[in-house]
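S.K.: Based on what follows, work out the 3D shape:
(one chain, ligands or ions: 2)
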Amino acid sequence: MNDGEKPNLIGKIKDKLIRSKETWAQEGRLLTGQPDNLHRNRLPPGQKEVKNWPVLDLGVQPEVKPENWRLQVVGLVENPVALTLPQFRALPQAEITSDIHCVTAWSLYDNHWQGVASRTLLDLVQPKAAARHIVFHSYDGYTTNVKLDVFADADVLLAHSWNGAPITREHGGPVRVVIPKWYFWKSAKWVTRIVFHEEDKPGFWETRGYHNEGDPWKEQRYS
Ligand SMILES: Nc1nc2c(c(=O)[nH]1)N[C@H]1C(S)=C(S)[C@@H](COP(=O)(O)O)O[C@H]1N2
Ligand SMILES: [Mo]
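M.R.: Ligands and ions are numbered 1, 2, ... in the order given. The predicted model follows:
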């Protein structure tokens with residue numbers, strides 16, 4: 001696949017996996033009915049700790065050469081940008097250690113991320129007053145939505161490194177989103193475009209039965 005081209009998903013996309021996840025959502029699979037709203041436990045309800053990092057995607061892992069990667073930040077912003085990787089890496093850098101919680105019930109503790117804080121990007125592009133929602137668009141055609149105030153949390157990063165090494169292709173390199181407070185489907189791999197909107201626009205999984213938000217302690221798995 002050529003970088004920047006819409007991937008040809010036909011014949012590669014994991015239709016069966018997508019259908020079985022939709023069935024999980026319809027059946028409310030994995031729900032314990034015992035939310036942990038006060039975060040008494042490090043492990044959210046229904047989750048299991050893993051030691052190795054699983055790979056989950058739609059069946060296409062785009063190869064984005066560093067020199068071809070672009071990050072467009074557009075929509076309801078005063079200063080839209082299209083950054084190359086060197087420009088992105090020249091922005092102030094941030095590091096954060098956070099846990100991953102995937103809606104398929106695995107959690108991975110203590111991931112050390114390096115990248116650019118969402119707040120640094122927000123300072124750069126200056127969202128307009130009407131902007132309330134964000135959609136991430138990725139090189140594999142994936143999309144996912146969050147509220148602007150969730151994106152603006154201090155622990156949200158656009159990460160290029162994990163545990164001291166560049167994020168690998170299978171995990172969404174050169175750059176992926178990391179939103180630690182939400183289930184991991186909100187953390188777009190291979191991100192290339194961030195669009196600011198006035199209205200909410202549910203993404204790939206959000207239109208297939210997943211919750212519009214995704215707080216693991218509240219078990220916001222499905223809609
Ligand atoms: N671009 C893109 N981002 C994505 C996905 C995807 O299919 N495409 N899957 C999401 C889901 S459901 C999960 S659990 C995590 C998996 O990230 P990992 O493969 O690095 O564990 O990526 C999320 N981000
Ligand atoms: Mo997931």
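S.K.: In space, what's closest to residue 100 - neighbours in sequence excluded?
M.R.: Once flanking residues are discounted, residue 100 sits nearest to residue 108: 4.5 Å by CB to CB, 6 or more residues apart in numbering. (C-beta placed from N, C-alpha, C; glycine too.)
S.K.: Let me know the secondary structure of that neighbour.
M.R.: strand (DSSP: H, G, I helix; E, B strand; the rest coil).
S.K.: who touches it in this structure?
M.R.: The contact partners of residue 108, by CB atoms under 8 Å, 6 or more residues apart in numbering, come to 49-51, 53, 99-100.
S.K.: Count the neighbours of residue 55 for me.
M.R.: 12 (other CB atoms under 10 Å).
S.K.: pretty sure it belongs to a helix, no?
M.R.: No. Residue 55 is assigned coil when assessed by three-state DSSP, not a helix.
S.K.: My read is that it contacts residue 169, right?
M.R.: No. Counting by CB atoms under 8 Å, residue 55 does not reach residue 169; the two are 10.0 Å apart.
S.K.: picking that back up, so how far is residue 179 from the residue nearest to residue 100?
M.R.: Applying CB to CB, to the nearest Å, one obtains 15 Å for the distance of residue 108 from residue 179.
S.K.: Low-confidence stretches in the protein?
M.R.: Under the criterion pLDDT under 70, the flagged ranges of the chain are 1-11.
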